[in-house]
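Q: Predicted coordinates and the sequence they were generated for:
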Amino acid sequence: MSDPQPVYLSDYQPPAYRVTHTELTFDLDPAATRVKARLHIERQATASADEPLKLDGEQLTLDALLIDGNPLSGNDYQVSDEGLRIEQVPARFTLESEVQLSPKDNTALEGLYQSNGMFCTQCEAEGFRRITFYPDRPDVMSTFKVTVIGDREREPVLLANGNPVEQGDLENGRHFAIWEDPHPKPCYLFALVAGDLHSVGDRFTTRSGREVSLQLWVEQENLAKTEHAMGSLKRAMAWDEQAYGREYDLDLFMIVAVNDFNMGAMENKGLNIFNSAAVLAHPDTATDGAFQTVEGIVAHEYFHNWSGNRVTCRDWFQLSLKEGFTVFRDQCFSAETNSAPVKRIQDVSFFRTAQFAEDAGPTAHPVRPDHYIEITNFYTLTIYEKGAEIVRMLCNLVGWDAFRQGADRYFARFDGQAVTIEDFVDCMAEASGLDLGQFMRWYSQAGTPEIDAHGEYDYAHGEYHLTLRQRTPATPGQVDKEPLHIPIAMGLVGTKSGQDLALTLDGNKLGKETVIHLREDEQTFVFTDVAEAPVPSLLRNFSAPVKLHFPYSREDLAFLLTQDSDGFNRWDAGQRLAMLALDDLIAAHRNGVEKVMDSRVVEAFRTLLADAPADKAVLAEMLTLPSEAYIAEQQPIVDVDAIHAAREFVRQSLAMALRDEFMATFEANRSSEPYAPTPEQIAQRSLKNVALSYLMSIEDEQGVALCEGQFAANHNMTDVRHALTLLVHSDRDDLASPALKTFGEKWAHDPLVMDQWFTIQVSRPQPEVIDRVKYLMAHPAFSLKNPNRVRALIGAFAQNRVNFHRLDGQGYALLADVVIELNQLNPEIAARLITPLTRWQRFDETRQVLMRSELERIQREPLSSNVYEVVEKALA
Ligand code: PHE
Ligand code: ZN
């Protein structure tokens, strides 16, 4: 077999044939589903008459093929691994085909598959070609009429996109339902679900008075876990009307929960399909974090109805057109429904850990890639999260009013079309009058820009000189980088007054906060009339996705931590301060020198606990040290053991020095109120639980008792899970074992809770965890075929830094074994699982050798194109 070949953006050609209307009939059967398609096809004016018709199709058995009712003979067409080719077709015709496929054997979870006996589909990006022969590309948009035939007993519920138009009984215990979707859509938005499902219903009246019926379909035992998702949906529908003027456009909106799903959820027109983990939530089984995730994902998929469905992508290189914009929309929505600064802190701290790592590794790619082998490998943090950061920069550059006008223009001009990133940015440029030419480089240039900043206060003239220098490191295939247009939100905080100073730049009075535009490699900004020596507060609210270096002293950082008017930068100052202390301790650990705690960090924390900021959720974030993964990102060579030891040392030093303060914080934030996922309650719980973590880090006797009490009280999953994690991660087996056992027995029937049980155990810092992973892989609740189980057990273990990176290489070997097995079952998940191994360059020589040898072992297998692409890049 030849190696998989890349597809290039520069090779894009518009389709030669369009499908104007699609009629499908599914006769469902686990092993032999029959799909009949009737496609109304037209040649494009731009295509010549001898252009062959090429349809995509994979793993299909073709049983019949007719043009305008006439069967084709074997000489008229060719079928290959990739699809069907018909040399001569009329300018306008109907093509009928009949194929057979086996949903029960589909473990890749792309196309039509079975999950817990229920039929469901996943077509993005290129899954529709596993359902029928079709031009499987997003720029072919068609209306659909779908007939679903199933077993009345086994599949009482038969769903597809759009509006239900007819249903009835058939012979032999079969029945059918017919659905019509009047909105032309690309086939990646097609969906079908059939099974023994139960629904909760609600209604939403749109601004213009359209009555929409809302349905959430789940398996019977999950009916009690639907309330939060339904509430989130209604909030999202209202928000999109208020923020973007976008209304829903069908009479029915459905969400279905399925157990086996590769991603979080999918925005199929009128019939969103969700991973059950991304939609089900109940106080007894889901944490505050899970409640917030559900709200965010429900909103995200709903928002796609406009940013993705009504206006879609011309080709998959434009993926960030819909994903970056939609993530930005869901982030703004969640910021409004929860604590806005905390939402930003959480998003950025995840981004700077995970996306920065991706951008610095061998799979780094631009937000608009120019080639790929396997598109499913490009549903990445770069496309989604960096794409959202770019849209956020656009919004900040042009201002909300122009941004909203630009969005209106975009939706109006391109409704019903498949378009490009330029089309989107052009609308913003037109609405604002701004030249966004240089800005477009954000889409084509990979890698995280680094900014070296330094400043000088000139007392004599009352001037502050701020010099910024930018550079973007080389990434694979992109050595030379050009300067980007980087918006830097900033203020100057007076060291005497503690206030933001009035800013004057080039004679212009800019108020107390401004955005400066860095466009050159190096620029100096001279602020005049600066009355006192300032500390600059740069990149406020993380105004651009860059690494900003400024030689802050620890005193500067302690000052910003309490005085900065920007909540995000107050938090960031605390993180920088902690990082300086951690750096010293990492060095001390490596050199075998005694570790000494930096008293300035202790005092900064003491101040925080004494004059607590009003927002408890922000305080909880400020009291949380940078994660081991984030610390690792800051090191030239990652020393996992030194990082772990240094971070533990800081935690324990803080806990010892501030034990009484943490105890008081814990006590002050306990509550017996009935659980609600409100911002106030969530803030209070997270602050209380941060305090408990510190107390448990020194196994404070009273702290241990409180932790056991919190676990036993069973008040809500947030508190129970947090207490369980602390008990299990302590060095005391007398605390860990009984709690694990109680929890495991209590929740054996609930797979989503068992996932948490798996994750907690395999995240322990103790070295015998590797054996626990192997033991749990044989647990009856585990299955390699279910992506959630794989992520909860194997994925979580690979995040356990000290244990995954064991010096004997056993952690790497275990991951490689799983990848090799999954490569056959579910290539998409297998390819994602490799990620930690691809980062081998970041580690010491010994680990590099071990990691590479596991990658090479994977490379010797017969590989799916998904795994092939990732491994090739990692070893290049
Ligand atoms: N388009 C989905 C989303 O972001 C993600 C997804 C991609 C789901 C591919 C399944 C397959 O909302
Ligand atoms: Zn999306």
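A: Right, received. Where do you want to start? Ligands and ions are numbered 1, 2, ... in the order given.

Q: how much space between Gly264 and ligand 1?
A: Going from Gly264 to ligand 1 by Cβ to the nearest ligand atom, to the nearest Å gives 7 Å. To be clear about C-beta, it is placed using only N, CA and C from the backbone, and glycine gets the same treatment.

Q: That residue touches Asn272, doesn't it?
A: No - counting by Cβ atoms under 8 Å, Gly264 does not reach Asn272; the two are 10.8 Å apart.

Q: Excluding residues flanking it in the chain, which one is nearest whichever residue of the stretch 1-150 of the chain sits closest to ligand 1?
A: Residue of the stretch 1-150 of the chain nearest ligand 1, by Cβ to the nearest ligand atom: Glu124 (4.1 Å). Among residues not flanking Glu124 along the chain, Tyr188 sits closest, at 4.3 Å (Cβ to Cβ, 6 or more residues apart in numbering).

Q: go on, Ala37?
A: Thr132 (4.5 Å).

Q: swap in Phe649?
A: Lys595 (5.1 Å).

Q: Can you give me every residue that contacts the closest residue in space to Tyr372 that isn't next to it in sequence?
A: Distance criterion Cβ to Cβ, 6+ apart; nearest residue to Tyr372, sequence neighbours excluded, is Phe378 at 5.5 Å. Residues near Phe378 by Cβ atoms under 8 Å, 6 or more residues apart in numbering: Trp316, Leu319, His365, Pro369, Tyr372.

Q: How about Phe411?
A: Arg246, Trp306, Arg310, Val311.

Q: Same question for Asn222.
A: Ala257, Ser276, Leu280.

Q: Could you count how many residues lie near the residue of the stretch 601-750 of the chain at minimum distance from ligand 1?
A: Going by Cβ to the nearest ligand atom, ligand 1 is nearest to Pro677 of the stretch 601-750 of the chain, at 21.9 Å. The local packing of Pro677 (other Cβ atoms under 10 Å) involves 24 other residues.

Q: How about Glu522?
A: 12.

Q: can you pull up the bridge partners for it?
A: Per DSSP bridges, the residues bridged to Glu522 are Arg469.

Q: quick one, what contacts it?
A: Thr467, Leu468, Arg469, Gln470.

Q: before we move on, what about Glu603?
A: Ala558.

Q: List phi and psi for it.
A: Note on Glu603: backbone dihedrals following degrees, to the nearest 10 are phi -70, psi -40.

Q: What score does it have for pLDDT?
A: Glu603 is assigned a pLDDT of 97 by the prediction.

Q: Kindly report the residues of the chain close to ligand 2.
A: When proximity is defined as Cβ under 5 Å from the ion, the chain approaches ligand 2 at Glu323, Thr326.

Q: Kindly report the domain assignment for the chain.
A: When the chain is parsed with automatic domain parsing, its domains come out as 7-288, 311-444, 450-544, 747-876.

Q: nearest to His729, of the ones you listed?
A: domain 747-876 (5.5 Å; Cβ to Cβ).

Q: quick check: mean pLDDT across that closest one?
A: So the average pLDDT for domain 747-876 ends up being 98.

Q: In strands only, show me the contacts of Phe378.
A: Using DSSP state E, the members of the contacts of Phe378 that fall in strands are Tyr372.

Q: between the contacts of Phe378, which is closest to ligand 2?
A: Among these, Leu319 lies closest to ligand 2 (Cβ to the ion), at 9.1 Å.

Q: And Gly264 and Asn272? Which one has more around it.
A: Of the pair Gly264 and Asn272, Asn272 is the one with more neighbours under other Cβ under 10 Å, namely 25 against 16.

Q: where's the more buried one, which helix or strand?
A: strand 271-275 (DSSP states H and E).

Q: what's downstream of that strand, the next helix or strand?
A: helix 288-303.

Q: Please identify the buried residues of that next one?
A: Across helix 288-303, burial judged by 16 or more other Cβ atoms under 10 Å covers 288, 290-303.

Q: just stretch 444-453 next, same as before
A: Gln445, Ala446, Gly447, Thr448, Pro449, Ile451, Ala453.

Q: Please report the distance of the fourth one from ligand 2.
A: Noted for Thr448: a distance of 23 Å to ligand 2, by Cβ to the ion, to the nearest Å.

Q: Kindly report the same for Asp700.
A: From Asp700 to ligand 2 the distance is 44 Å (Cβ to the ion).

Q: Phi and psi next, for that residue.
A: Torsion angles, degrees, to the nearest 10, at Asp700: phi -60, psi 130.

Q: show me what contacts it?
A: Contacts of Asp700 (Cβ under 8 Å, 6+ apart): Ala655, Arg659, Met663.

Q: Show me the shaky parts of this protein.
A: 1 (pLDDT under 70).

Q: Name the residues of this structure found near ligand 1, please.
A: 122, 124-125, 262-263, 265-267, 300-301, 304, 323, 379 (Cβ under 6 Å from any ligand atom).

Q: Columns secondary structure on top of these, output as JSON lines?
A: Below are these laid out as JSON lines (DSSP: H, G, I helix; E, B strand; the rest coil):
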{"residue": "Gln122", "secondary structure": "strand"}
{"residue": "Glu124", "secondary structure": "coil"}
{"residue": "Ala125", "secondary structure": "coil"}
{"residue": "Asn262", "secondary structure": "coil"}
{"residue": "Met263", "secondary structure": "coil"}
{"residue": "Ala265", "secondary structure": "strand"}
{"residue": "Met266", "secondary structure": "strand"}
{"residue": "Glu267", "secondary structure": "coil"}
{"residue": "His300", "secondary structure": "helix"}
{"residue": "Glu301", "secondary structure": "helix"}
{"residue": "His304", "secondary structure": "coil"}
{"residue": "Glu323", "secondary structure": "helix"}
{"residue": "Tyr379", "secondary structure": "coil"}
